[in-house]
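J.: Starting from these lines, generate the structure:
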Amino acid sequence: MSGDGYSEEKDRLRRQVRERRLGLATAWVAETSRSVQTRALALPAWTDASVVGCYLAMPGEVTTELILERGRSDGKTVCVPAYDRTSGEYALVCLKADSGIVAGPMGVPEPASGERIGSGAVDCIFVPALAFDADGSRLGHGGGHYDRILAGVRRNTVKVGLAFGFQIYESIPVLGHDVPMDVVVCEDKTITCSARSG
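T.: Numbering: from 1, shown residues only. Below you'll find the model as predicted:
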């Protein structure tokens, strides 16, 4: 696929998923997100992890409250992305029970403050997206923020995509720098991705 065709296909998929997300009922998102999170918390990668990366959900994304609460109760270090105004990039920061939540750039929720955690310290990271496929390919919003965070994780860090079933596509167009997931979890299935290496 040419560069132009690649971009056009990604833009088409983004429009399609965004339109679908606009119609989601709040109650459905909450109930279905709980099913996704329950499956995610059953993963061995969760059990084995001491340091967990996660995210604070935007409207239409799988919510993560259950994962965040369980992480704290299990004594894990939980970190989420926050915008670093000095570097102009996102970095992972420690999220604690008393961390205030503020709106970052484009309204993305983030901790008001927190200790920065290098992505290389993370054992398991839960990642949102507009869409995934069975190879673990991920379609983000186009800013590349998560790709830059994921580029810094260790080879054995387990990368877990969280999605609703309608966000799973047969194929997502990717480039060489795109970082694939090892596992994708949705409300009715857990996909071990065929692109996983090592």
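J.: right, and the helix or strand after the helix or strand of the chain with the lowest mean pLDDT?
T.: Lowest mean confidence among the helices and strands of the chain (mean pLDDT, DSSP states H and E): helix 3-22, at a mean of 81. Sequence order places helix 26-41 as the next helix or strand after helix 3-22, per DSSP states H and E.
J.: how far off helix 26-41 does the least confident helix or strand of the chain point, in degrees?
T.: For helix 3-22 against helix 26-41, the angle by axes from the mean of the first three to the mean of the last three Cα atoms, to 10 degrees is 120 degrees.
J.: could you say what helices and strands helix 3-22 packs with?
T.: strand 138-139 (3 or more Cβ pairs under 8 Å, 6 or more residues apart in numbering; DSSP states H and E). Every C-beta, even on glycine, is put in place using the N, C-alpha and C of the backbone.
J.: quick one, strands of this protein?
T.: Remark: strands assigned in the chain by DSSP state E are 51-53, 77-84, 89-94, 101-103, 109-111, 124-127, 131-133, 138-139, 158-162, 168-169, 183-186, 189-192.
J.: Can I get the least confident helix or strand of the chain in PDB, CA atoms only?
T.: These are the backbone C-alpha positions of helix 3-22, laid out as PDB (Å, rounded to 0.1, in the frame of the first residue of the first chain):
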ATOM      1  CA  GLY A   3       1.900   6.100   1.700                       C
ATOM      2  CA  ASP A   4      -1.100   8.000   0.500                       C
ATOM      3  CA  GLY A   5      -3.300   4.900   0.500                       C
ATOM      4  CA  TYR A   6      -2.000   3.900   3.900                       C
ATOM      5  CA  SER A   7      -3.000   7.300   5.300                       C
ATOM      6  CA  GLU A   8      -6.400   7.300   3.600                       C
ATOM      7  CA  GLU A   9      -7.200   3.900   4.900                       C
ATOM      8  CA  LYS A  10      -6.300   4.900   8.500                       C
ATOM      9  CA  ASP A  11      -8.300   8.000   8.200                       C
ATOM     10  CA  ARG A  12     -11.300   6.000   7.000                       C
ATOM     11  CA  LEU A  13     -11.100   3.600   9.900                       C
ATOM     12  CA  ARG A  14     -10.700   6.400  12.400                       C
ATOM     13  CA  ARG A  15     -13.900   8.100  11.100                       C
ATOM     14  CA  GLN A  16     -15.800   4.900  11.200                       C
ATOM     15  CA  VAL A  17     -14.900   4.100  14.800                       C
ATOM     16  CA  ARG A  18     -15.300   7.600  16.000                       C
ATOM     17  CA  GLU A  19     -18.800   7.700  14.500                       C
ATOM     18  CA  ARG A  20     -19.700   4.400  16.200                       C
ATOM     19  CA  ARG A  21     -18.400   5.600  19.500                       C
ATOM     20  CA  LEU A  22     -20.600   8.700  19.400                       C
END
